[in-house]
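Novice: A structural model of the following input is requested.
(2 chains)
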Number of protein chains: 2
Amino acid sequence: MAGGEFALIEQLRSRLGKAGKGVRLGIGDDAAWLDPAGRQLVATMDTLVGDRHFFPDVRPYDLAWKALAVNLSDLAAMGAEARWCLLSLALPLRAAGYGAWMEDFMAGWSALAERYGVTLAGGDTVSTDGPLTLSITALGLVDQCVMRRDTARPGDMVWVTGSLGDAAAALDLALVERGQEGQSFPCSVAQQEALEARRLRPTPRLEFGEAAAACGVCCAMDCSDGFLADLSHILEASGVHARIALDALPLSRELMDLAGEDPERWQRWPLTGGDDYELILCAPAALSAALQRVAAALSLRLTAVGSIQSPNPNGQVAVTLTWRDQSLSLPSSWGHVHAL
Amino acid sequence: MAGGEFALIEQLRSRLGKAGKGVRLGIGDDAAWLDPAGRQLVATMDTLVGDRHFFPDVRPYDLAWKALAVNLSDLAAMGAEARWCLLSLALPLRAAGYGAWMEDFMAGWSALAERYGVTLAGGDTVSTDGPLTLSITALGLVDQCVMRRDTARPGDMVWVTGSLGDAAAALDLALVERGQEGQSFPCSVAQQEALEARRLRPTPRLEFGEAAAACGVCCAMDCSDGFLADLSHILEASGVHARIALDALPLSRELMDLAGEDPERWQRWPLTGGDDYELILCAPAALSAALQRVAAALSLRLTAVGSIQSPNPNGQVAVTLTWRDQSLSLPSSWGHVHAL
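Specialist: Below you'll find the predicted structure:
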């Protein structure tokens, strides 16, 4: 990046790296110096590649939001309080420079970061001959326990926050618009805008994750690769089985209107579509009232969608899917692969 | 990465993510759960892009070593104990897969990581249509203070660890070999091998950095962009001036033979060449004996190369360079830009 690198870093520092909680030394030295204040650390890292994880024509504001949200969602799934981020930007060489692009990118980043008190504490900016590539490391703090994947127990209920499938439906529309392979369906402008907002600017469930862990929930995961695929990670790690009512999955009003009574659409969007960034929780029914109170206080929907059961006698870990109380075969594809 | 992503992650987990100090939950959940044990955290992130920061024909072993070393060197410059890493690998799609490549990559990584007790605690693997791109986040711990850039004071001595310029001379040879722009010079096979080993497998000065901070050194930086460029960051941040004896810069035996008495070669390689990953320290002369004892115990060379002075009366921060006690003009280029 030659001299431009230092200008870019200074821009990021002054806009996104302002003094934050526990930041003893931020951007501008060999490394950041951070104070966990005696707490435990939670760390995650995700990378987004242009033309794979996002369309090349994405608005920088939305790209920054989503890249940060994806990482914060991982912290939420652990029950952590989000604190600090490191950002690596590999920028394609362009004659025109990145002035306006960076302004919009930083606006999107700070809109989300400020909501959760997350400080940019370091990172790197480099040039690339390839597509724009972002890597983010998010660091959070927990006091005692984290929520993990391998602690689901038979008898637990399965909950999911918010609603599922909006982003997947929006992706279908976005692909069709760009002449790529997606499912086309009639949809009003207002419906499409609502779905697209969920695809572009997911909400990491940080407050709820932290509160759920405080309630005693030990098992959670964020739903990013599709509900069924992510639930199956919990089941495998915990060595258990699950029974899920497809028709109980929470849908937004817009998606409910579009999916109607068609189980295939329910399978395509909320069950196996991706990029929801909601939380899946498994916990004893005794926690239900407390969790619902927490969710209500946050104006967040929390839906019971099934239960954890002992594995089959042959030890096989699997999901039993129902639709209107009738068994349903599992779809052949269990989830998406973060394509765009 | 489709299904291959999970196989790759499992490979990295089983080989590089074994239980480590303070790792309460490593690779395999939404995020890593790490225990700083009441200490302060130091965090850094560096990205290497194929064909920019390394030759496309680099051996995966060397690439892994260097990518990790570059990050650990930043921790060393802060005086931190290295603990955990997160690795993001953006791999170009290849028909042949990454089996042998990954084996060699992991061998190089673990050779360095095991030396310093660094555990791979998380990360991400994705595909890219662009060049191979690695981002690494390194996390370390300190007890009280870190060494920083803005704490050099007039009267301080300036020291540098190890030797400077080997990597820059090796890069010249590597560029000429590849038909690119570099300085050609006669050199024996043994000399070239010694230089190339320093270019490919730098040694992060972690033990020395930690011990120097414990001795009371408050100001240090790692030397990665060229001694003069990096020293100038210290001077700017601290608002001071420095007097540096070019002929005092520490050179390896091989580079000494090649540079001889030619101040231009001294300027090109040890003064402004990059990729040394040595430490520059500024501290009162009273610490000299203690620092030399620490260095001797580590069989590490530690060389006094100049002193920190008050800024000019006009407030200008600058470097006075001498050669055999005579003033020398500063070179027009102050450092390299991490090209290859």
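Novice: Report the spatially closest residue to the residue in chain A that chain B sits nearest to, excluding sequence-adjacent ones.
Specialist: Nearest residue of chain A to chain B: A:Gly130, at 1.4 Å (Cβ to the nearest Cβ). C-betas here are computed from N, CA, C, even on glycine. Take A:Gly130 and drop its neighbours on the chain: the residue closest to it by Cβ to Cβ, 6 or more residues apart in numbering or on different chains is B:Gly130, 1.4 Å away.
Novice: what are the phi and psi angles of that neighbour?
Specialist: phi -100, psi -160 (degrees, to the nearest 10).
Novice: Domain ranges for chain A, per the record?
Specialist: Split into domains by automatic domain parsing, chain A comes to A:2-142, A:157-328.
Novice: B:Gly260 is nearest to which of these?
Specialist: Among the domains of chain A, domain A:2-142 comes nearest to B:Gly260, with 31.0 Å by Cβ to Cβ.
Novice: what's the helix or strand for A:Gly140?
Specialist: strand A:133-142 (DSSP states H and E).
Novice: mind saving the C-alpha coords of that strand as CSV?
Specialist: Provided in CSV are the C-alpha atoms of strand A:133-142 (Å, rounded to 0.1, in the frame of the first residue of the first chain):
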residue,chain,number,x,y,z
THR,A,133,-10.9,-9.7,1.1
LEU,A,134,-11.7,-8.9,4.8
SER,A,135,-10.6,-10.8,7.8
ILE,A,136,-11.9,-9.8,11.2
THR,A,137,-11.0,-11.0,14.6
ALA,A,138,-13.5,-10.3,17.3
LEU,A,139,-12.6,-10.5,21.0
GLY,A,140,-15.1,-10.7,23.8
LEU,A,141,-15.2,-11.3,27.5
VAL,A,142,-17.1,-13.8,29.7
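Novice: re the thing from before, now, of the domains of chain A, which is deepest in the fold?
Specialist: Each of the domains of chain A was scored by mean neighbour count; the highest is domain A:2-142, a mean of 21, by mean count of other Cβ atoms under 10 Å in any protein chain shown.
Novice: Would you state the strands of the stretch 151-300 of chain A in chain order?
Specialist: For the stretch 151-300 of chain A, the strands defined by DSSP state E, counting those that start in this stretch cover A:157-161, A:219-223, A:241-245, A:278-283.
Novice: circling back: surely the residue of chain A closest to chain B touches A:Pro56?
Specialist: No - A:Gly130 is beyond contact range of A:Pro56, at 11.9 Å (criterion: Cβ atoms under 8 Å).
Novice: Residues contacting the lowest-mean-pLDDT helix or strand in chain A, please?
Specialist: Within chain A, confidence by mean pLDDT, DSSP states H and E is lowest for helix A:2-16 among all helices and strands, at a mean of 78. Residues from elsewhere that reach helix A:2-16, judged by Cβ atoms under 8 Å, 6 or more residues apart in numbering or on different chains: A:1, A:26-28, A:87, A:89, A:97-98, A:102, A:106, A:109-110, A:113, A:119-120, A:123, A:125-126, B:337.
Novice: now do 6 Å
Specialist: The contact list for helix A:2-16, computed with Cβ atoms under 6 Å, 6 or more residues apart in numbering or on different chains, reads A:27, A:106, A:109-110, A:120, A:125, B:337.
Novice: I'd like to know how far A:Ser271 sits from A:Cys187.
Specialist: Actually, residue A:271 is Leu rather than Ser. 20 Å (Cβ to Cβ, to the nearest Å).
Novice: And for A:Arg52?
Specialist: Distance, A:Arg52 to A:Cys187, by Cβ to Cβ: 25 Å.
Novice: interface residues of the stretch 51-200 of chain A facing chain B?
Specialist: Residues of the stretch 51-200 of chain A lying near chain B by Cβ under 6 Å from any Cβ of the partner chain: A:74, A:77-78, A:86, A:88, A:90, A:122-124, A:126, A:128, A:130-131, A:133, A:135, A:137, A:146, A:148-149.
Novice: Which ones among the residues you listed map onto strands?
Specialist: A:86, A:88, A:90, A:122-124, A:126, A:128, A:133, A:135, A:137 (DSSP state E).
Novice: residues contacting A:Val294?
Specialist: A:Ala211.
Novice: shaky segments in the stretch 101-250 of chain A?
Specialist: The model of the stretch 101-250 of chain A has no residue with pLDDT under 70.
Novice: all helices for chain A, in order.
Specialist: Using DSSP state H, the helices of chain A run over A:2-16, A:60-78, A:99-116, A:166-177, A:189-200, A:206-215, A:227-238, A:253-259, A:263-266, A:288-297.
Novice: List of residues touching the shortest one?
Specialist: Outside of helix A:263-266, the residues that reach it under the criterion Cβ under 6 Å, 6+ apart are A:246, A:259, A:323.
Novice: How about the contacts made by the second one?
Specialist: Remark: with contacts taken as Cβ under 6 Å, 6+ apart, A:Ala259 is in contact with A:265-266.
Novice: Check the first one too.
Specialist: Counting by Cβ under 6 Å, 6+ apart, A:Leu246 makes contact with A:266, A:321, A:323.
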